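Asker: Sequence first, predicted model second:
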Amino acid sequence: MRTGFVELPDSDRPVAKDAKRVDDVRADTPVEVTVTLSGPRLPDLDPGAPGIPRGEFAARYGTSPDVIEKVRERLERLGLEVGEVSPAARSMRVKGSAGAMEDAFNPGLGIYSSPTLGRFRGREGKLEIPAELEDAVTGVFGLDERRMARRAKSVELAEPAAHGTGSPLGPVQLAEHYNFPPGDGAGQLIGLAELGGTYFPDDLQRYRQKYGLPETKVEIVDAGATPPTPEQLEHLPAQAQKQIIDEAGEVMLDVEIVAGLCPAAKILVFFSTFSEQGWIDLLTKVMQDGPEAVDLLSVSWGLAEDNPEWSGSALREIDLRLKEAAQQGITICVAAGDDGSGDMGEDGHCHVNFPASSPYVLSVGGTMIADGGEERVWWQEPGHRFLPDGESTGGGATGGGISKVFTRPTWQNVREARPELHGVVEAGIDGRIVPDVAALAGPPCYELIFQGEANGARGTSAATPLWAALLTRIRAGGRPAGGPTFLTPLLYQAGPGGEPRGKEACRDVTVGDNTSHPDPGVGFRAGPGYDALSGWGVPDGEKLLASLPAASAAARTGGIR
């Protein structure tokens, strides 16, 4: 430990999996990081209460000017430059040379090479900060650029016949199947979180034309990254093009599902990087106040919560921002994952996806529609998507299970309906249960227009924007009363009929499991009532709308906010 410095708690990181250090980072290399800051202790979430207005929240719980100036002055003396500061989100952007970053944080930066991650700037071990900032700085993110987010690849998009029985469903069929309330999302804003890929406006145009939809306003928001335009993409190296196109299919899936179900809403697509820093920067941008501040966000990215490559500080700081969002009435819908009980782990245990496992999101699992119309848990052999070499298995399964990282929130009062295990795998763990709800994720899949062609697409990354679109219609109807409200606890509270709203407003899914084969070879099983595969079940939109307290007609005129 250097004199005058202290260890930054929970900053330890191992060498990235399968990666080798191949070079040092040149001292004059420009580096930009996000420094997270301390602030007042956040209150416990008041389940079901309207959110605290953003300006009021910033004044009460944001980082104080004294802390900001203390950090700014010390980092500038170390040769760094402080850029944008967000007191409400407790963070600041800091840039400087790699040499100055070494002086400030002692990361030991290197260039690493991995068969799966390629070449990237990374680090290993713990960080240090100046001792006088011990009570002011809570994390430093962006020194290490390794991938900490995952979605399906475009190889998972296939011709409709490859997905089993039936033709992929379009927006009218989806709205009918889940009994969406009437409406087109007029006057509403909805956010989509994207940690990679890009946006192809021509594909949305073709999708609109196919279904006779009005023009949807789509705005790209730089939340840490600016995606290349289709024209710029053509000039990138082949490998970079492939990765962006792989991820762009998933971006277009989000956009087209929301545009199909809520064509009159405005869609804000927040782009950031897939690193720990990218998560924090994106949530910081989402929580900014202003005339186009979203109160509903769909997130289809994630990674196992106990993946050893997460730093403890990243899990803590991301979850803190999710809590801040929930307290401001922002409902963040998050995909539970597409790789079954193992969630791409290789240790013989069950795992759940983060941030779906955070208590401050609406976690969305997946179903499929079998011959005869029965909706059951999504599982296609072997219960996960990829082989160790990255090749597609052609299969997949909904994520779901019990968190080992986050304790069960008081509002998730389903202890008597504890999910049944196929084996005694996680006995004794009393964590947050994932998911809360579910929707179609497997056959017959969703119709997607991508690169000009019709495809069938699947995954909880499709179920999640479907739920976000449903909530957009519900908010357009003035529900729930009182302003923006974090929805998830309301599903566990009593509705008009005296049962939990989730039970009253969702169709129960009772058949199926999410066992990943061969690892871990066990999983969770669906059954009557709440379970760790489909939560309360799939939505009946009209019933959900009716179960929530209504606002007056005057309160509905302003849309979400």
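Answerer: Perfect, I can see it now.
Asker: For residue 541, the count of nearby residues, please.
Answerer: The number of residues packed near residue 541 is 23, by other Cβ atoms under 10 Å. For every residue, glycine as well, the C-beta is placed using N, CA and C.
Asker: Can you pull the domain assignment for the protein?
Answerer: Listed domain ranges for the chain are 5-141, 154-550 (source: automatic domain parsing).
Asker: which stretch in the ones you listed has the least confidence?
Answerer: Note on these: domain 154-550 shows the lowest mean pLDDT, a mean of 91.
Asker: coming back round to it: deepest-packed of the domains of the chain, please.
Answerer: Highest mean neighbour count among the domains of the chain (mean count of other Cβ atoms under 10 Å): domain 154-550, with a mean of 21.
Asker: picking up where we left off before, so can I have CSV of the domains of the chain showing distance to residue 147?
Answerer: Listed next are these as CSV, based on distance: least, Cβ to Cβ, whole Å:
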stretch, distance to residue 147
domain 5-141, 6
domain 154-550, 5
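Asker: Which other helices and strands does whichever strand or helix holds residue 315 contact?
Answerer: Using DSSP states H and E, the element containing residue 315 is helix 312-327. Applying 3 or more Cβ pairs under 8 Å, 6 or more residues apart in numbering; DSSP states H and E, one finds that helix 312-327 makes contact with helix 54-61, strand 137-141, helix 276-286, strand 331-335.
Asker: Just want the angle from the first one to helix 312-327.
Answerer: Angular relation of helix 54-61 and helix 312-327 on a 0 to 180 degree scale: 130 degrees, by axes from the mean of the first three to the mean of the last three Cα atoms, to 10 degrees.
Asker: from the chain's centre, how far out does the helix or strand just after helix 54-61 sit?
Answerer: Counting by DSSP H and E, the next helix or strand C-terminal to helix 54-61 is helix 65-77. In terms of Cα atoms, centre = their mean, to the nearest Å, the centre of helix 65-77 is set 32 Å apart from its chain centre.
Asker: what's next to the next helix or strand after helix 65-77, contact-wise?
Answerer: Next helix or strand after helix 65-77 toward the C-terminus (DSSP H and E): strand 81-86. Contact with strand 81-86 is made by 32, 68, 71-72, 75-76, 91-96, 284, 288, as judged by Cβ atoms under 8 Å, 6 or more residues apart in numbering.
Asker: Next, the contact list for residue 414, please.
Answerer: Contacts of residue 414 (Cβ under 8 Å, 6+ apart): 433, 492, 530.
Asker: longest helix of this structure?
Answerer: helix 238-261 (DSSP state H).
Asker: okay if I get the contacts of residue 414 as CSV plus secondary structure?
Answerer: As requested, these are arranged in CSV below (DSSP: H, G, I helix; E, B strand; the rest coil):
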residue, secondary structure
433, strand
492, helix
530, coil
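Asker: residues in contact with the residue nearest to residue 71 when sequence neighbours are not counted?
Answerer: Closest residue in space to residue 71, ignoring its immediate chain neighbours: residue 136 at 5.3 Å, by Cβ to Cβ, 6 or more residues apart in numbering. Contact analysis of residue 136 by Cβ under 8 Å, 6+ apart lists 37-38, 67, 70-71.
Asker: do residue 324 as well
Answerer: With contact taken as Cβ under 8 Å, 6+ apart, residue 324 is in contact with 42, 57, 61, 88-89, 287.
Asker: what do you get if the cut-off is 10 Å, keeping everything else the same?
Answerer: 39, 42, 52, 54, 57-58, 61-62, 88-90, 283-284, 287, 330, 360 (Cβ atoms under 10 Å, 6 or more residues apart in numbering).
Asker: for residue 513, same thing?
Answerer: Contacts of residue 513 by Cβ under 10 Å, 6+ apart are 340-341, 376-377, 379, 383, 397-398, 400, 420, 422, 522-526, 531, 533.
Asker: Select from those every entry located in strands.
Answerer: 376-377, 379, 397, 420, 524-525 (DSSP state E).
Asker: just checking, residue 326 touches residue 355?
Answerer: No: applying Cβ atoms under 10 Å, one finds residue 326 not in contact with residue 355, separated by 11.6 Å.
Asker: Show me whatever sits in contact with both of the two.
Answerer: 332, 361.
Asker: How much space separates residue 400 from residue 319?
Answerer: From residue 400 across to residue 319, the span is 19 Å (Cβ to Cβ, to the nearest Å).
Asker: Oh, that last question was meant for residue 151, not what I typed.
Answerer: Residue 151 is 20 Å from residue 319, where distance means Cβ to Cβ.
Asker: Could you do residue 15 as well?
Answerer: 25 Å.
Asker: likewise residue 295?
Answerer: Taken as Cβ to Cβ, the span from residue 295 to residue 319 is 19 Å.
Asker: same question, residue 256
Answerer: Residue 256 is 30 Å from residue 319, by Cβ to Cβ.
Asker: quick check, residue 466 in a helix?
Answerer: Yes: Residue 466 sits within a helix when classified using three-state DSSP.
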